[in-house]
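Colleague: Show me the folded form of this:
(chains A and B)
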2 protein chains.
Amino acid sequence: MLERVLYALSDPVRLSIVRQLARDGEASCSTLDRGRPKSSMSHHFRVLRDSGLVWTRTDGVTHMNALRRAELDARFPGLLAAVLMAPEE
Amino acid sequence: MLERVLYALSDPVRLSIVRQLARDGEASCSTLDRGRPKSSMSHHFRVLRDSGLVWTRTDGVTHMNALRRAELDARFPGLLAAVLMAPEE
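Modeller: The predicted structure follows:
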């Protein structure tokens, strides 16, 4: 649903995760957390997953995250591109 | 700021106001409220104004609202177009 995607993107931490995944492709939770508290990060990852922006696969003990870019571009054409194009403030 | 615009758009009532303004141009608060409670509508209009999505002018006793389309398109190219293009669910 569009509103959930927009809500997931409306937080600076989650937006920075999405930017990083768009730049680097797949990344582990520990790469993405940049020292932020685990409890708040697990909330952010849940919101990102529930919105359909991010999927997570388990690789041994590591959680690897990636943008669901193709699905998003198919459902909401141009949305992610516009968000990623906006300057970081 | 991008996050505030995304947050403002992440609520179904606010998104429907933005869609209606995009379709009809300027509209009064009473045209846009569709019978929803005044207190919640004034909150929604405040979020829309604070994010920079909407401006309001006073015409006598009527508040007229419009999308700040040109400013938004200049700051966040393609964003509003992508949001408005997404199907209503």
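Colleague: pLDDT at the residue most central in space within chain A, what is it?
Modeller: Central residue of chain A (CA atoms, centre = their mean): A:V18, 3.7 Å from the mean position. For A:V18, the pLDDT comes out at 97.
Colleague: pretty sure it is touching A:S10, no?
Modeller: No. Using CB atoms under 8 Å, A:V18 is not in contact with A:S10, being 11.1 Å away. Bear in mind the C-beta positions are built from the backbone N, C-alpha and C, glycine included.
Colleague: Show me which residues of chain A are close to chain B?
Modeller: A:1-4, A:6-7, A:9-12, A:15, A:75-79, A:81-83, A:85-86, A:89 (CB under 8 Å from any CB of the partner chain).
Colleague: Can you point out the buried residues in stretch A:6-20?
Modeller: For stretch A:6-20, burial by neighbour count (16 or more other CB atoms under 10 Å in any protein chain shown) applies to A:L6, A:Y7, A:A8, A:L9, A:S10, A:D11, A:V13, A:R14, A:L15, A:I17, A:V18, A:Q20.
Colleague: that older thread, backbone phi and psi for the residue nearest to the centre of chain A, please?
Modeller: Note on A:V18: its backbone torsions stand at phi -60, psi -40 [degrees, to the nearest 10].
Colleague: re the thing from before, can you redo the buried residues of stretch A:6-20 as CSV, where the extra columns are secondary structure and distance to B:D24?
Modeller: Output for those, formatted as CSV (DSSP: H, G, I helix; E, B strand; the rest coil; distance: CB to CB, whole Å):
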residue, secondary structure, distance to B:D24
A:L6, helix, 22
A:Y7, helix, 25
A:A8, helix, 29
A:L9, helix, 27
A:S10, coil, 26
A:D11, coil, 31
A:V13, helix, 36
A:R14, helix, 33
A:L15, helix, 31
A:I17, helix, 37
A:V18, helix, 33
A:Q20, helix, 39
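Colleague: How many neighbouring residues does A:F76 have?
Modeller: For A:F76, the neighbour count with other CB atoms under 10 Å in any protein chain shown is 21.
Colleague: Just the pLDDT at it, thanks.
Modeller: 96.
Colleague: again, but for the one 10 residues further on
Modeller: We have a pLDDT of 90 for A:A86.
Colleague: Cool, thanks, signing off.
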